[in-house]
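Engineer: Predicted model follows, preceded by the sequence.
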Amino acid sequence: MQIRLGGVTAAKGFQAASAAAEIKYKGRDDMAMVYSKEPCVVAGTFTKNLYKAAPVVWCKQIVESGKPVHAIVANSGVANACTGGEGLEYCRGTAEKASELLGIPADSVLLGSTGVIGKQMPMDKLEKGVELLAASLGDTDELATAAARAIMTTDTKEKQIAVEIEIDGKPVTIGGMAKGSGMIHPDMCTMLAFITTDAVISQAVLQKALSDVVDNTYNMISVDRDTSTNDTCVVIANGLAGNAEIPAEGEDYETFKEALFEVNKYLAMAIAGDGEGCTCLFECRVEGADTLETAKTVAKSVVCSNLTKTAVAGHDANWGRILCAAGYSGAQFDPDKLSLSFESVAGQIQIAENGKGVEYSEEKATEILSQEYVCAVINLNMGDEISSAWGCDLTHAYIEINADYRS
């Protein structure tokens, strides 16, 4: 597997564009489009929040219908969530405008929105944005990057990646972009993730691969324990790589799924590491678990602990908070067997062993915890299963960002 330049335009046949529609933001692009002339099979996963934004409802219907997809249109600034029947009409109007300009069916247009909840969409600006997008489509890396930037809200950086693998002797590319910074919590987050691939694959197999991957990537990150109304992750595949169709199991399927996992893991970690107001990406890696579920449960509990997150923000090796979070996670393990260490580019330090603290240098621990990436490694010493969860530190800046988000 090779990392490639670009994001959503890296795979054959995909184009992207961005535009400044001024839905909320001034002086920056706030709409993006991804387009394939060739029809695509689609797979998707969505928020489990009972309040599902109108574009989530729209996309779920298309994914469940099995109809081919040609385009994705996304906006930032307004979420089109909690907008009633009007919200779905905004979706329909946006899709119909794309249909008119691109010569494709309206129900082949996926939609994504992110921003303020409860505000109605300015359709005149949306339609003008679609016009600008359709007129500026292209397949360059620069346009992919611009599209990734256009879907940002409180994000501080664009999030995109592409990888290339070989299947059936043919190069197959998977590229993607995502946004997310706040309202981030497992079973999806305030995140949009749009993945493109030129692989030949059926919808059923693509959905199977995506569902497995999402459970171990986006569903293992948390910034603030708030699950959004708008979470959407979709993969569209146009088949231009020309490989033999990927079966439901076997070597080709595992190769494809591994590459899809790496793309989404990278995007998930980028979201966690760009949490609102954060200064570092915080990983909890649980080793030596008896089951994968035990490892996942403990890891999630630690990265979701506000007390742990504030300790990381203060570069304080307050290891009791981590053991506490592991203990209330609901997973069953022997607390007298647990060991804990911290890792970063500054080194590694043992903090606890057999469920209790050991002698260590506070100065070295502070140095390790002061880096842009920090990992707490827990070994349960019960088995061979491993899992990671990703979050970030919690700082005063998080409150400052969210106290006046609407204004």
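Structural biologist: Structure received. Numbers count the residues shown, from 1 in each chain.

Engineer: give me the low-pLDDT residue ranges for the stretch 151-300 of the chain?
Structural biologist: Residues of the stretch 151-300 of the chain meeting the criterion pLDDT under 70: 181-190, 224-228.

Engineer: Strands along that one, start to end?
Structural biologist: With DSSP state E, counting those that start in this stretch, the ranges of strands along the stretch 151-300 of the chain come out as 159-167, 170-179, 192-197, 232-237, 281-289.

Engineer: Mean neighbour count, those strands: which tops it?
Structural biologist: Scoring the strands of the stretch 151-300 of the chain by mean neighbour count under mean count of other C-beta atoms under 10 Å gives strand 192-197 as the most buried, with a mean of 30. C-beta here means a position set from N, CA and C on the backbone, and glycine is covered the same way.

Engineer: which residues does the closest residue to Gln207 other than its chain neighbours contact?
Structural biologist: Excluding the flanking residues, the one nearest Gln207 by C-beta to C-beta, 6 or more residues apart in numbering is Ala43, at 3.9 Å. Going by C-beta atoms under 8 Å, 6 or more residues apart in numbering, Ala43 touches Val63, Gln203, Leu206, Gln207, Ala209, Leu210, Ser211, Val234, Val235.

Engineer: which of these lies closest to Thr395?
Structural biologist: Val234 (32.1 Å; C-beta to C-beta).

Engineer: Would you agree that closest one is in contact with Gly44?
Structural biologist: Yes: using C-beta atoms under 8 Å, Val234 is in contact with Gly44, at 4.2 Å.

Engineer: Common neighbours of the two, please.
Structural biologist: With C-beta under 8 Å, 6+ apart, Val234 and Gly44 have common neighbours Cys59, Val63, Leu110.

Engineer: So the first one, which state does it fall into?
Structural biologist: If I follow you right, that is Cys59. At Cys59 the chain is in helix, as set by DSSP: H, G, I helix; E, B strand; the rest coil.

Engineer: pLDDT score assigned to it?
Structural biologist: pLDDT recorded at Cys59 is 96.

Engineer: same question, the one 3 residues further on
Structural biologist: Looking at Ile62, its pLDDT is 97.

Engineer: That one falls within a helix, correct?
Structural biologist: Yes: according to three-state DSSP, Ile62 belongs to a helix.

Engineer: hmm, who's touching stretch 198-206?
Structural biologist: 11-14, 41-43, 66, 167, 172-174, 209, 235, 237-248, 253, 256.

Engineer: How about stretch 53-68?
Structural biologist: 39-44, 46-47, 52, 69, 79-83, 87-88, 90-92, 95, 105, 107-108, 110-113, 117, 203, 207, 229-232, 234.

Engineer: Helices along the stretch 251-400 of the chain, start to end?
Structural biologist: With DSSP state H, counting those that start in this stretch as the criterion, the stretch 251-400 of the chain has helices at 251-272, 292-304, 306-313, 319-327, 362-369, 396-403.

Engineer: Adjacent strands (with direction) for the lengthiest strand in the chain?
Structural biologist: For the chain, the strand with the greatest residue count under DSSP state E is strand 31-46. The pairing partners recorded for strand 31-46 under DSSP bridges are strand 14-19 (antiparallel), strand 69-78 (antiparallel), strand 232-237 (antiparallel).

Engineer: Quick check: buried residues in that strand?
Structural biologist: 31-36, 39-46 (16 or more other C-beta atoms under 10 Å).

Engineer: With respect to Gly288, which of the residues you listed is nearest?
Structural biologist: Thr45 (29.8 Å).

Engineer: ok, Val345 - contacts?
Structural biologist: For Val345, the contacting residues are Gln371, Tyr373, by C-beta under 8 Å, 6+ apart.

Engineer: what's the most buried one of the strands paired with strand 31-46?
Structural biologist: Most buried among those, counting by mean count of other C-beta under 10 Å: strand 232-237, with a mean of 28.

Engineer: ok and that one relative to strand 192-197, angle-wise?
Structural biologist: Angle, strand 232-237 to strand 192-197, by axes from the mean of the first three to the mean of the last three C-alpha atoms, to 10 degrees: 10 degrees.

Engineer: tell me which element Ile3 falls in.
Structural biologist: For Ile3, the host element (DSSP states H and E) is strand 2-4.
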